[in-house]
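**Student:** I'd like to go over a predicted model; first the sequence, then the structure.
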Amino acid sequence: MSSPHQRDVDTAHLHPAVRKAARLIVEELNTEGFPFRIFEAFRSPQRQEFLYAQGRTRPGPIVTKARPWRSYHQYGLAIDLVLFVNGQWS
């Protein structure tokens, strides 16, 4: 698995039903003129701990309330979407 510092956007790491739903949601949003992209998909427990520490034991704003194994990301059941405008995350 990748470093806890890196986001995983590979939908192959998601539960098959979530993978299919994610693809359909992103396709529909784009068809309707909303250019969304997957910002993060599966998240390892190490990545979740890294994010949880932000704003607590590491500098920066708090970005999650979930400790490892308390987020659906660790089970391949969650995705984070962002609006992608002019080549940048919005």
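**Tutor:** Ah, there it is.

**Student:** could you pull out the helices for the chain?
**Tutor:** Using DSSP state H, the helices of the chain run over residues 16-31, 45-53.

**Student:** among the ones you listed, which is nearest residue 78?
**Tutor:** With CB to CB, the closest approach to residue 78 among the helices of the chain belongs to helix 16-31: 7.5 Å. (Each C-beta comes from the backbone N, C-alpha and C, glycine too.)

**Student:** tell me which strands and helices that closest one is in contact with?
**Tutor:** strand 36-40, strand 80-85 (3 or more CB pairs under 8 Å, 6 or more residues apart in numbering; DSSP states H and E).

**Student:** Contacts for that helix next, please.
**Tutor:** Here helix 16-31 makes contact (CB atoms under 8 Å, 6 or more residues apart in numbering) with 11-12, 14, 35-38, 41, 76-79, 81.

**Student:** quick one: that helix to chain centroid distance?
**Tutor:** Using CA atoms, centre = their mean, to the nearest Å, the mean C-alpha position of helix 16-31 is found 14 Å from that of the whole chain.

**Student:** how big is the angle separating that helix from strand 80-85?
**Tutor:** Here helix 16-31 runs at an angle of 20 degrees relative to strand 80-85 (axes from the mean of the first three to the mean of the last three CA atoms, to 10 degrees).
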